[in-house]
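Asker: coordinates for the following, if possible.
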Amino acid sequence: MPSLHPVFSQLSETEFVSLLGSIYEHSPWVAEQLWQQKVQYPTGYFDDIAKIKNAMREIVEQSTEEQKLILLRAHPDLAGKAALAGELTDASKTEQSGVGLDQCSEDELVHFLQLNDAYRAKFAFPFIMAVKGATKEQVLAGFIERTPNDWQTEFDRAMVEVHKIAGFRLADF
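Answerer: The predicted model follows:
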């Protein structure tokens, strides 16, 4: 069955970056670099979502640690202050509401805020988890399991989760 996603190879740079710029949270530089590298690939290469996913992942993986930290820090806390203020991107809002994080009780919300604060204080970036298909209980278990990690282990895990999120977002095309 043919895919219904846009024919990316026929888009202008502005259209391309507009569509793919939010795949990595608040990091349009990934789509911009992908556009710049487009000439290296055969015509029509980017009409395959799996190839776009791999190319975007490679751009992120080849970036500096500082760029990766900026990318991690661009993510909102789960059930955090940005959600409470209505400042989530549409994708993040959909992902968090799919888990029920937009329907936390007052006690659950306080617990999430405490977990977010403790995690961020330890690692200097937010707790990141690809929550699509998860439950609130699994998200809480993730905090408890991962907060004791050392910085490098958690940085690496957060990057894995960021790539999962990007994959879920691309799959929606």
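
Asker: give me the nearest residue to Phe127, chain neighbours excluded.
Answerer: Tyr119 (4.4 Å; Cβ to Cβ, 6 or more residues apart in numbering). The way it works is simple: take the backbone N, C-alpha and C, and place the C-beta from them, glycine included.

Asker: kindly tell me how buried that neighbour is, as a neighbour count.
Answerer: The number of residues packed near Tyr119 is 20, by other Cβ atoms under 10 Å.

Asker: and the gap between it and Glu32?
Answerer: Distance, Tyr119 to Glu32, using Cβ to Cβ, to the nearest Å: 30 Å.

Asker: need the contact partners of the one helix or strand the residue nearest to Phe127 maps to.
Answerer: Applying DSSP states H and E as the criterion places Tyr119 in helix 106-123. Identification of contacts with helix 106-123 by Cβ atoms under 8 Å, 6 or more residues apart in numbering yields 77-81, 84, 101, 104, 126-127, 136, 140, 143, 146-147, 151, 154-155, 158.

Asker: can I see the domain layout of the chain?
Answerer: 8-69, 76-171 (automatic domain parsing).

Asker: beyond the lowest-mean-pLDDT helix or strand in the chain, next helix or strand please.
Answerer: Scoring the helices and strands of the chain by mean pLDDT, DSSP states H and E places helix 81-84 at the bottom, with a mean of 63. Counting by DSSP H and E, the next helix or strand C-terminal to helix 81-84 is helix 90-99.

Asker: now for that next one, which elements pack on it?
Answerer: helix 81-84, helix 151-171 (3 or more Cβ pairs under 8 Å, 6 or more residues apart in numbering; DSSP states H and E).

Asker: would you turn those helices into a markdown table with mean neighbour count and distance to Gln67?
Answerer: Formatted as a markdown table, the helices and strands packed on helix 90-99 follow (neighbours: other Cβ atoms under 10 Å; distance: least, Cβ to Cβ, whole Å):
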| stretch | mean neighbour count | distance to Gln67 |
| --- | --- | --- |
| helix 81-84 | 16 | 21 |
| helix 151-171 | 17 | 11 |
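
Asker: fine by me, we can end here.
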